[in-house]
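# No letters, just coordinates:
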């Protein structure tokens, strides 16, 4: 105890940590049957930390370039001690990270945690999901293997169908007319510098909003008196539960990385024919599959263009959920919004399942 007391005294002489201690001691988390969903925000944060840690280790050996990217990744997985494990953890953590963010977003939607005064929390969280998808798309090309090369080519070509801005946006992404070493360099810069910087700033804002506004209380509590509402201390009760779930996720991640290591595949050959069955990663699969159901021509417009525009409008409406739900009284149920959310979840699951087949 003398060592702990001495450490506390040393810290207090240099930093005023009493406000932080008091904040942690008085902060409480609503304890109800839906409080389990609170933990997915923490799980998403943990997986992002894993991504950063393993990404830094991979960065020490990775060399971007058409002649060096694939060889450097192969060197990592075959020569560097535990390099294959770090790459596999990085790849699996990326997928689990996006899955966790999706679950967190839908749980926030169905518990109506986006309502006033938490609109900015929803907006920043939605933007974080968009950046997470950007991480996945930009990082997919970096190994410079066949699947990544042609999947990136297909993904950037879809953007080109947008009228007016499609061509310039595609050339901006590719750093030219076609997917080349310039595209690889651009995606590398996005993946390791620009996206992490923007994501970290936005994540800081998101966490600050959560801490200042507190955890969302269920709508049903509006009718309950203060004495009937159950809470748990944020520290240590909630924190320890959060850490336990982090440990479980870490074990799941380790099992996936060891028993199902991420394959490298063959080196990309820009002059070879595209292999059959090229598909995007699972988190883009519902959009990819949905575009297949649009006819070649729809109301005089190209069906693919109409599909992309509709997906874009749907995303914008989802982003603006706090605004078109604003008229709903606090504590009141909005069954239409709930049904819309259920339809969105079912559509994403069904289209993803059909796309995997």
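In hand now; what should we look at? Just so it is clear, the model here is predicted, and its values are computed rather than measured.

# Give me the helices and strands touching the lengthiest helix in the chain, please.
Of all segments of type helix in the chain, defined using DSSP state H, the longest is helix 83-110. For helix 83-110, the elements it packs on are helix 39-59, helix 69-78, helix 119-140, helix 239-259, helix 282-291, helix 335-356, judged by 3 or more C-beta pairs under 8 Å, 6 or more residues apart in numbering; DSSP states H and E. Where you see a C-beta, it was placed from the backbone N, CA and C, and this is true even at glycine.

# Columns distance to residue 89 and mean neighbour count on top of those, output as a markdown table?
Below are those laid out as a markdown table (distance: least, C-beta to C-beta, whole Å; neighbours: other C-beta atoms under 10 Å):
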| stretch | distance to residue 89 | mean neighbour count |
| --- | --- | --- |
| helix 39-59 | 5 | 19 |
| helix 69-78 | 12 | 18 |
| helix 119-140 | 14 | 19 |
| helix 239-259 | 5 | 14 |
| helix 282-291 | 18 | 19 |
| helix 335-356 | 23 | 13 |
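
# Which one of those lies nearest to residue 215?
helix 39-59 (9.6 Å; C-beta to C-beta).

# Which helix or strand in this structure has the lowest average pLDDT?
The helix or strand of the chain with the poorest confidence is helix 18-26; it has a mean of 74 (mean pLDDT, DSSP states H and E).

# Could you figure out how far that one is turned away from helix 239-259?
For helix 18-26 against helix 239-259, the angle by axes from the mean of the first three to the mean of the last three C-alpha atoms, to 10 degrees is 90 degrees.

# Just give me how far helix 18-26 sits from the chain centre.
Computed by C-alpha atoms, centre = their mean, to the nearest Å, the chain-centroid distance of helix 18-26 equals 30 Å.

# So what touches that helix?
Identification of contacts with helix 18-26 by C-beta atoms under 8 Å, 6 or more residues apart in numbering yields 12, 233, 234, 235.

# Where does the prediction get shaky in the stretch 1-150 of the chain?
1-2 (pLDDT under 70).

# I meant to write the stretch 151-300 of the chain there.
Flagging of the stretch 151-300 of the chain using pLDDT under 70 yields the residue ranges 223-224.

# Which parts of it are helices?
Listed in chain order, the helices of the stretch 151-300 of the chain (DSSP state H, counting those that start in this stretch) span 166-174, 181-189, 195-213, 239-259, 282-291.

# Just give me the neighbour total for residue 218.
17 (other C-beta atoms under 10 Å).

# I meant residue 193, not that one.
Neighbours of residue 193 using other C-beta under 10 Å come to 10.

# Nearest to residue 116, out of the helices of the stretch 151-300 of the chain?
Of all the helices of the stretch 151-300 of the chain, helix 195-213 comes closest under C-beta to C-beta, at 10.3 Å.

# Identify each buried residue in the closest one, please.
Neighbour-count burial for helix 195-213 flags 195, 196, 199, 202, 203, 205, 206, 209, 210 (criterion: 16 or more other C-beta atoms under 10 Å).

# what's the answer for stretch 17-36, then?
27, 28, 29, 30, 32, 35.

# For these, work out which two are farthest apart.
27 and 32 (16.7 Å).
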